[in-house]
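A.B. asks: Generate a structure from the sequence data that follows.
(one chain, ligands or ions: 1)
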Amino acid sequence: MPRPAPTMTTEPAIEAGITVRDLVKTFSTDSGTVTAVDNVSLHVPEGSFFTIVGPSGCGKTTIIRMLAGLESPTSGQIDVRKSDSDGPVTNSMVFQGDSLFPWMTVWDNAAYGLAMRRAPRSVIRDQVGHYLDKTGLTKFAKAYPHQLSGGMRQRVSIARAFANDPDVFYMDEPFSALDEQNKTILQEELLRTWEESRKTVVFITHSVDEAVTLGDQVMIMTARPGRVKTLVDIPFERPRSVLELRRQPEYGEMIYDIWGSLKDEVMGTAA
Ligand SMILES: Nc1ncnc2c1ncn2[C@@H]1O[C@H](COP(=O)(O)OP(=O)(O)OP(=O)(O)O)[C@@H](O)[C@H]1O
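C.D. replies: Take a look at the predicted model:
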């Protein structure tokens, strides 16, 4: 009796989340071609918090801009997909510094993305109300950006991003301009807010502490041209508390190890 033909396996299924293969980005400048990103491959599982650290100029922002579709790769593939549908994947970005409209109130700034998408009024009311509450801004809903501190303005940006309810968040050093106390408070708030939704996040930072505190995985990059140097899994359970983490010896060891890996790259750029 003939045996049944073996089942052919074709292309392996690409998992939901963000998959990047052999990504390269070069820029043409007056002084020649600059390779900003050199052969980067990575996978960010859907619903995970992925942090990227690396020396200044190693291509972190360029990577996030390509993931968000704001810049096209010179070569390589980017695949961003959801597990529950084939529809388009939406994203929100949070940048360092101010990205608020100065002529709009806190409420209108936070509602901006939803209003642009013509979301129903009830959705805007519920979503914006919820995230202003989560970020401690309810009392300031009618204030204008110039009436707020830097930390409060950055909270509005975060409330706006979450109110938008995207599939993916791209965050490019959102807390780098803040003082230490505000940074810690906002990290704590970001963790609380994210743990509620568990959306996919790609978060760029210069701070190893911040990468370890927030991330499920930390990608360490080489100095320019930016390549993947190491990927580190962060084992701390969730929900996490920023201050509790700092008390754990394993936290200190992890930061020490990552710094060891990053130091040569940073020293190379400083030389
Ligand atoms: N539009 C552009 N034209 C030419 N060169 C560019 C352009 N954008 C970025 N670069 C160069 O690409 C390299 C990577 O820049 P990028 O901003 O991605 O680095 P980064 O790691 O985010 O830096 P930082 O940590 O200082 O913000 C740098 O050398 C930068 O000068």
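
A.B. asks: How about Thr135: what's its closest non-neighbour residue?
C.D. replies: Spatial nearest neighbour of Thr135, excluding adjacent residues (C-beta to C-beta, 6 or more residues apart in numbering): Arg155 at 4.2 Å. In short, each C-beta sits where N, CA and C put it, glycine included.

A.B. asks: tell me which element the one you found falls in.
C.D. replies: helix 150-163 (DSSP states H and E).

A.B. asks: who does that helix touch, helix- and strand-wise?
C.D. replies: strand 91-94, helix 106-116, helix 121-134, helix 180-197 (3 or more C-beta pairs under 8 Å, 6 or more residues apart in numbering; DSSP states H and E).

A.B. asks: got these as CSV, with distance to the ligand, mean pLDDT and mean neighbour count columns?
C.D. replies: Listed next are the helices and strands packed on helix 150-163 as CSV, based on distance: least, C-beta to the nearest ligand atom, whole Å; pLDDT from 0 to 100; neighbours: other C-beta atoms under 10 Å:
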stretch, distance to the ligand, mean pLDDT, mean neighbour count
strand 91-94, 14, 92, 21
helix 106-116, 24, 95, 21
helix 121-134, 27, 93, 17
helix 180-197, 17, 89, 16
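
A.B. asks: how about the residues of the stretch 151-271 of the chain near the ligand?
C.D. replies: Within the stretch 151-271 of the chain, the positions lying close to the ligand (C-beta under 6 Å from any ligand atom) are Arg224.

A.B. asks: need the helices for the stretch 151-271 of the chain, in chain order.
C.D. replies: All helices of the stretch 151-271 of the chain, identified by DSSP state H, counting those that start in this stretch, fall at 180-197, 208-214, 242-247, 249-270.

A.B. asks: Low-confidence regions, the stretch 1-150 of the chain specifically.
C.D. replies: Scanning the stretch 1-150 of the chain for pLDDT under 70 picks out 1-14.

A.B. asks: for the ligand, what are the nearby residues on it?
C.D. replies: 27, 29, 34, 36, 54, 56-62.

A.B. asks: Out of these, list just those in strands.
C.D. replies: Among those, DSSP state E puts 27, 29, 34, 36 in strands.

A.B. asks: Report the beta-bridge partners for the third one.
C.D. replies: If I follow you right, that is Val34. For Val34, the beta-bridge partners under DSSP bridges are Phe27.

A.B. asks: quick one: contacts for it?
C.D. replies: Val34 sits next to 26-28, 224 when contact means C-beta atoms under 8 Å, 6 or more residues apart in numbering.

A.B. asks: Assumed His43 was part of a strand.
C.D. replies: Yes - assessed with DSSP: H, G, I helix; E, B strand; the rest coil, His43 lies in a strand.

A.B. asks: Could you check how many residues crowd around Phe101?
C.D. replies: Neighbour count for Phe101, taken as other C-beta atoms under 10 Å: 12.

A.B. asks: Would you mind listing which of the ones in strands among the residues of the stretch 1-150 of the chain next to the ligand are buried?
C.D. replies: Neighbour counting by 16 or more other C-beta atoms under 10 Å classes Ala36 among those as buried.

A.B. asks: Find the pair from the ones in strands among the residues of the stretch 1-150 of the chain next to the ligand with maximum spatial separation.
C.D. replies: Spatial extent of these (C-beta to C-beta) is set by the pair Thr29 and Ala36 at 10.5 Å.
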